[in-house]
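Colleague: Need a 3D model of the sequence below.
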Amino acid sequence: MTHSGILLVDKPEGPTSSQVVQRIKTHLRAKKVGHLGTLDPFASGLLLVGVNEGTKVAEIFLAATKSYHGVMVLGVETDTQDATGKVTEAHRVPAVGQRELKAIKEKFTGNLQQIPPMFSALKKNGVPLYRLARQGKEIERKPRPISIEGLRLKKLSDSEIEFDVTCSRGTYVRTLAADIGKYIGCGAHLKMLNRTACGHLTLDDAATPDAIERLIAEEQVPLLSLAAALSHLRPIVWDAGRVSRLRLGQQEGLADIGERVKDEKVVRLLDGRGALVALVAWGEESTGGGRWRLWRVFHPESA
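Modeller: Coordinates of the predicted model:
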């Protein structure tokens, strides 16, 4: 029987996230397998795949900051904002030196507003925008708030800039590259993108789909336990009696957790053996203040 946890997959360029998940699922005897946040087919790098109870923590990693390594090409714009699209405009590239790179970093770091691209899975009246884009349609999109926590830029040539970025949920990195190109005055598109981290989980610990298939065949599934995957969340330890009452739906004891630390949104509840029992989320009350609510409950063997 396959246990619960998370697979850290080093996704190659080309396949969709769903295709990678399906490939793993056919080799892995598990009731549930699903990704915890997609990567574009064009992109490579860290793809988190939840197995059994691991699928319950998708929201944790969807909301986590992501880190990417990429290369943008200046002077050429495409309809998809990456190398898979059709060229829409080409412009002369002005000189870009250290002064310009410093200005770009200052301009595109912090809290920003970003207009989502047409080639995205966002929907208009139930229809994905990318379908409308393929029909040559352009729909007005409202800017959305994003946060760029870190941005490192390095000039590779007169027309290429290498970068590393750490950004919030909802950030389109290809749109970031296109916006940087507009700021420079020549346009740009994304040539390459590799996701290097999702929250505290990194690509260094990931394995390729081929390697994972071999390990599954050898019954050495490289599952990261939920205890390890969620180790960044504050632990709350309860005795067996309180855990039993919680599993029966009695949540009164959650008030004993007390006030949240800083702005934390979720804590993990453990039993006396250190096994994961549940995730508890902080919810704001309409009358003011807030309280802890049971969010996810895990089977005893899932930790």
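
Colleague: Just to be sure, residue 58 is in a helix?
Modeller: Yes. The assignment for residue 58 by DSSP: H, G, I helix; E, B strand; the rest coil puts it in a helix.

Colleague: Just give the number of residues close to it.
Modeller: By the measure other CB atoms under 10 Å, the count of residues near residue 58 is 15. To be clear about C-beta, it is placed using only N, CA and C from the backbone, and glycine gets the same treatment.

Colleague: Tell me if I'm right that it and residue 33 touch.
Modeller: No. Using CB atoms under 8 Å, residue 58 is not in contact with residue 33, being 12.0 Å away.

Colleague: Give the residues shared as contacts by those two.
Modeller: Counting by CB atoms under 8 Å, 6 or more residues apart in numbering, the common neighbours of residue 58 and residue 33 are residue 50.

Colleague: Look up how far residue 118 lies from residue 137.
Modeller: Counting by CB to CB, to the nearest Å, the gap from residue 137 to residue 118 is 8 Å.

Colleague: Quickly find the element holding the closest residue to residue 173 other than its chain neighbours.
Modeller: In this structure, residue 173 finds its nearest non-sequential neighbour in residue 68, 5.4 Å apart by CB to CB, 6 or more residues apart in numbering. Per DSSP states H and E, residue 68 falls inside strand 66-74.

Colleague: Show me what that strand is in contact with.
Modeller: Contacts of strand 66-74 from elsewhere in the structure, counted by CB under 8 Å, 6+ apart, are 45, 83, 93, 96, 150, 156, 159-167, 169, 171, 173, 177, 180-181, 184, 186-198.

Colleague: Where does residue 41 fall, secondary structure wise?
Modeller: Going by DSSP H and E, residue 41 is not in any helix or strand.

Colleague: Quick one: neighbours of it, just the number.
Modeller: 17.

Colleague: Residue 234 too?
Modeller: 13.

Colleague: Give me the buried positions along stretch 254-272.
Modeller: By neighbour count on 16 or more other CB atoms under 10 Å, the buried set for stretch 254-272 is 254, 257, 266, 267, 268, 269, 270, 271.

Colleague: quick one: the first one is in a strand?
Modeller: No. Under three-state DSSP, residue 254 falls outside any strand and is assigned helix.

Colleague: So the closest residue to it other than its chain neighbours, which state does it fall into?
Modeller: Using CB to CB, 6+ apart and skipping residues adjacent in sequence, the residue nearest residue 254 is residue 292, 4.3 Å away. Going by three-state DSSP, the secondary structure assigned to residue 292 is strand.

Colleague: ok, now the one 3 residues further on?
Modeller: For residue 295, the secondary structure call by three-state DSSP comes out as strand.

Colleague: try residue 19
Modeller: helix.
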